[in-house]
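Asker: Provide a 3D model corresponding to the input given below.
(2 chains)
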Amino acid sequence: MKLTFGLNCPSCGGRVEISEGDEFAICPFCHTVSRVVGDDDVKILAYKMKIDEKSARNSARRWFKKGLKARDLHKVAKITEIYHVYLPFWNYSAIGLGIICGYNIESTENGGSKKVYKEQQIRKDYTWTNIACDAGDIGIKHLRNLKGEVIPLTEDLPKYEATTSKDDAKVEGDKVIRKWILSEGRISNITFHKEFVLPKSFSLLYYPFWIIRYDYKGKMYFLTVDGVTGKVVSGRAPGDPLWQSIVIGTGATVGGALLGLAPIVSGFAGQRAAILSMLVGVVIFGASYYFFRYGSEIVEGDIPKPYIFGGKVKIQRGYLIGKEVLK
Amino acid sequence: MVTMNCPKCGAPFEYEPGMRFKQCDYCGTMIYIDKSRVMFYYIIPFTIDSNQVVQLFRRWASGPKMAKGLENSKVKSIKAMYFPVYRFVRIVNGKEKVIVKPAKTSLLPGLTNLKIPPGDMKIFDSNFNTGNVEVIQPDLSMDTYLPQLQGEAKEQEIVYFPIYEVRYEFDGKEYSVVIDGSSGEVFTSYYPPRSSAPYLLLGIIVFILAAIGSAIGTLVSPAGWVVTLLGFLVGLGGGYYIAKKY
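Answerer: Residues are numbered from 1 along each chain as shown, chains lettered A, B, ... in the order given. Predicted coordinates for the structure are as follows:
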């Protein structure tokens, strides 16, 4: 069975130089112009690793000290393994156009409210990225950065294979960009909207990360460091009962106090202010309860965080990168 | 390693997973590899060894949703294996679709939701050393799926991915989890859960004390704020105790 095909000039059989993305090729021998149909393939690029192992370790050490993690984490944690890998991402760049009409309700000076009608025209550059394999427990789904040196992908780079469909990624990217355009209007009551997504490029990017595994009291945790910017992108770390108790103590007290203030607030600022005070109190209490209940493990990156309202808060479907207003 | 030959000059080249085009090192011909009528065998190597998997299990077991003390359960057995799935790439109405289907019937948790974990895919042939890890043989043939699949074939492959099955004992009962040997994701169908009741109860007590305190403090006498302060102290002390014990 024939598996490999030489892509030579169909007229004379001579060797034709074709690079990825070429639409036409001219045979240097017989000058036949051939159209390259290709395989509907996408451009593949890689980002150059800028962070060495030492800087990645330093990033991890700094991360251990930050946030509501175990207080002794930076002293006790031992990095047991560190390696780098290139992760595949679908990268969809498009120009987003939109017309959004509607109104916002604004309060007037004499205590009433009025409708303010608005019409917005949007024209911006959008780039959406999405990991091209299953994210597993890595905690990275979207890229946060696209600045860096781009190099051709070579076979010796340690990389994870792209396993998801590029067309599914395009459909998803289209959806997300449409949402971004819509939110750009900053109109709360939309009466009419129309968005257009004009694709500019679609490519497969390999982006370098350091994967660091560390030991904390016989348990293995991990974190990932962006190989271009050196920032920690995702990770898991042990929490601390002290932070949990401070959060519930403060949160439930402040929340409860706001609720208890409602009668007096209602007396001099009106019923609406009193209800607002009660609501804010309950929300603060709820947030502190979730942290108290689930804050024994701190999670960063694109993984649901149970300590933020039980993990029910939607995970971001991408980060706006390279957002520029087009002239 | 799979070696292929240039259709023009016959020079050999090595095939890598994911490769679609390759320029011949000798004659410079651009070669296209048509994968629509063959099946490739791929394998994802382990990046987590059997010592690390125990530590990973303990990390998972210490999570906030698991029963307190689950991290100290006794690990009864760890079994490493390569588990097979089929991956089909089809062109349906001009769009590329990826379909993953089981190659082996299994009741292990995590292997029923079928996805290929992230990893560095390798060609699986006699050069790949699986060590003494068991390679699970497919019991479902690719032919059972091919006729039902929509569209035209672009690629099809069997992918073996690394998993650990960890059996552990907690409170005299045996449970098991499956851990992806490449990314470390933990799959489970059931584990002893931690109760939220003590956490919620303490939170509500503090909340109510603070509310009563501030209401009395503002409406009756400033002394009421003492109750709010009491609530705060109960929250701190009780919170620390509950977070450690329950």
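Asker: thought B:Thr29 was touching A:Asn8?
Answerer: Yes. With contact taken as C-beta atoms under 8 Å, B:Thr29 and A:Asn8 are classed as touching, separated by 6.0 Å. The way it works is simple: take the backbone N, C-alpha and C, and place the C-beta from them, glycine included.
Asker: which residues do the two both contact?
Answerer: Shared contacts of B:Thr29 and A:Asn8 (C-beta atoms under 8 Å, 6 or more residues apart in numbering or on different chains): A:Arg15, B:Lys8.
Asker: neighbour-wise, which of the two wins?
Answerer: B:Thr29 (22 against 19; other C-beta atoms under 10 Å in any protein chain shown).
Asker: Look up the pLDDT of the more buried one for me, please.
Answerer: If you check B:Thr29, the pLDDT there is 81.
Asker: Give the full set of residues in contact with it.
Answerer: When contacts are counted by C-beta under 8 Å, 6+ apart, B:Thr29 is found next to A:Gly6, A:Leu7, A:Asn8, A:Arg15, B:Cys6, B:Pro7, B:Lys8, B:Cys9, B:Gln23.
Asker: what do you get for A:Ala60?
Answerer: Residues in contact with A:Ala60, defined by C-beta under 8 Å, 6+ apart, are A:Ile79, A:Ile212, A:Tyr214, A:Leu223, A:Val225, A:Val232.
Asker: Give me the distance between the last one and chain B.
Answerer: Think A:Val232. When distance is defined by C-beta to the nearest C-beta, to the nearest Å, A:Val232 is 17 Å away from chain B.
Asker: Need the nearest residue in space to the most centrally placed residue in chain B, chain neighbours excluded.
Answerer: When chain B is reduced to its mean C-alpha position, the closest residue under C-alpha atoms, centre = their mean turns out to be B:Glu185, at 3.2 Å. For B:Glu185, the nearest residue in space outside its immediate sequence neighbours is A:Asp137; the separation is 3.9 Å by C-beta to C-beta, 6 or more residues apart in numbering or on different chains.
Asker: so how far is B:Phe40 from B:Asp34?
Answerer: Distance check for B:Asp34 against B:Phe40: by C-beta to C-beta, to the nearest Å, it reads 12 Å.
Asker: Revised request: answer the last question for B:Glu157.
Answerer: Distance, B:Glu157 to B:Phe40, using C-beta to C-beta: 4 Å.
Asker: Next: B:Tyr246.
Answerer: 51 Å.
Asker: more crowded one of the two?
Answerer: Here B:Tyr246 and B:Phe40 are compared on neighbour count by other C-beta under 10 Å; more neighbours surround B:Phe40, at 17 against 14.
Asker: Provide a list of residues in contact with that one.
Answerer: B:Pro17, B:Ile123, B:Glu155, B:Gln156, B:Glu157, B:Ile158.
Asker: Can you give me the pLDDT of the first one?
Answerer: As summarised for this prediction, B:Pro17 has a pLDDT of 79.
Asker: In this structure it contacts A:Glu161, no?
Answerer: Yes. Contact status for B:Pro17 versus A:Glu161: in contact at 5.7 Å, counting by C-beta under 8 Å.
Asker: who touches both of the two?
Answerer: Taking C-beta under 8 Å, 6+ apart as the criterion, B:Pro17 and A:Glu161 both touch B:Met121.
Asker: thinking again about what came up before, please produce TSV containing the contacts of B:Phe40, extended by neighbour count, secondary structure and distance to B:Val226.
Answerer: Rendered in TSV, the data for the contacts of B:Phe40 read as follows (neighbours: other C-beta atoms under 10 Å in any protein chain shown; DSSP: H, G, I helix; E, B strand; the rest coil; distance: C-beta to C-beta, whole Å):
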residue	neighbour count	secondary structure	distance to B:Val226
B:Pro17	18	coil	69
B:Ile123	16	strand	73
B:Glu155	18	strand	72
B:Gln156	21	strand	73
B:Glu157	21	strand	71
B:Ile158	17	strand	71
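Asker: List just the nearest of those residues to A:Ser188.
Answerer: Relative to A:Ser188, the closest of the contacts of B:Phe40 is B:Glu155; by C-beta to C-beta it sits at 46.9 Å.
Asker: Distance of that closest one relative to B:Gly18?
Answerer: Noted for B:Glu155: a distance of 10 Å to B:Gly18, by C-beta to C-beta.
Asker: from the chain's centre, how far out does stretch A:64-79 sit?
Answerer: Relative to the centre of its chain, stretch A:64-79 is centred 25 Å away, using C-alpha atoms, centre = their mean, to the nearest Å.
Asker: for stretch A:228-245, same thing?
Answerer: 17 Å.
Asker: which parts of that stretch are buried?
Answerer: Applying a neighbour-count criterion of 16 or more other C-beta atoms under 10 Å in any protein chain shown, the buried positions in stretch A:228-245 are A:228, A:230, A:232-245.
Asker: Next, the distance between the ends of that stretch.
Answerer: Start and end residues of stretch A:228-245 are separated by 37 Å (C-alpha to C-alpha, to the nearest Å).
Asker: what's the domain layout of the chain?
Answerer: No chain specified, so I'll use chain A. A:1-41, A:44-236+A:314-325, A:244-291 (automatic domain parsing).
Asker: Wait, chain B was what I had in mind.
Answerer: The domain map for chain B lists B:2-32, B:40-187, B:197-245, with the assignment taken from automatic domain parsing.
Asker: can you pull the contacts of the residue nearest to A:Pro304 when sequence neighbours are not counted?
Answerer: For A:Pro304, the nearest residue in space outside its immediate sequence neighbours is A:Gly311; the separation is 3.8 Å by C-beta to C-beta, 6+ apart. Contacts for A:Gly311 were tallied using C-beta under 8 Å, 6+ apart; they are A:Tyr294, A:Pro304, A:Lys305.
Asker: quick one: A:Gly311 from A:Glu106, how far?
Answerer: Here the distance between A:Gly311 and A:Glu106 works out to 35 Å (C-beta to C-beta).
Asker: Unless I'm misreading it, A:Cys56 sits right up against A:Thr229, doesn't it?
Answerer: One thing to correct before we go on: residue A:56 is Ala, not Cys. No. At 11.2 Å, A:Ala56 does not count as touching A:Thr229 under the criterion of C-beta under 8 Å.
Asker: who does the lengthiest helix in chain B touch, helix- and strand-wise?
Answerer: Under DSSP state H, the helix in chain B containing the largest number of residues is helix B:197-219. When contacts are defined as 3 or more C-beta pairs under 8 Å, 6 or more residues apart in numbering or on different chains; DSSP states H and E, helix B:197-219 sits against helix A:241-269, helix A:271-294, helix B:225-245.
Asker: List just the one of these that sits closest to A:Ala169.
Answerer: Taking C-beta to C-beta as the criterion, helix A:271-294 is the member of the helices and strands packed on helix B:197-219 that comes nearest to A:Ala169, at 31.7 Å.
Asker: how close does A:Thr108 sit to A:Gly270?
Answerer: Remark: distance between A:Thr108 and A:Gly270 (C-beta to C-beta) = 15 Å.
Asker: Quick one, which of the contacts of B:Thr29 are buried?
Answerer: Neighbour counting over the contacts of B:Thr29 (16+ other C-beta under 10 Å) leaves A:Gly6, A:Leu7, A:Asn8, A:Arg15, B:Cys6, B:Pro7, B:Lys8, B:Gln23 as the buried ones.
Asker: is chain B contacted by the longest strand seen in chain A?
Answerer: For chain A, the strand reaching the highest residue count under DSSP state E is reported as strand A:78-107. Yes. When contact is scored as C-beta under 8 Å from any C-beta of the partner chain, part of strand A:78-107 falls within range of chain B: A:Thr80, A:Glu81, A:Tyr83, A:Val85, A:Leu87.
Asker: May I see the buried residues of that strand?
Answerer: Under the neighbour-count criterion of 16+ other C-beta under 10 Å, strand A:78-107 has A:82, A:84-94, A:96-98, A:100-103 buried.
Asker: swap in stretch B:51-59?
Answerer: B:Gln52, B:Val53, B:Val54, B:Gln55, B:Leu56, B:Phe57, B:Arg58, B:Arg59.
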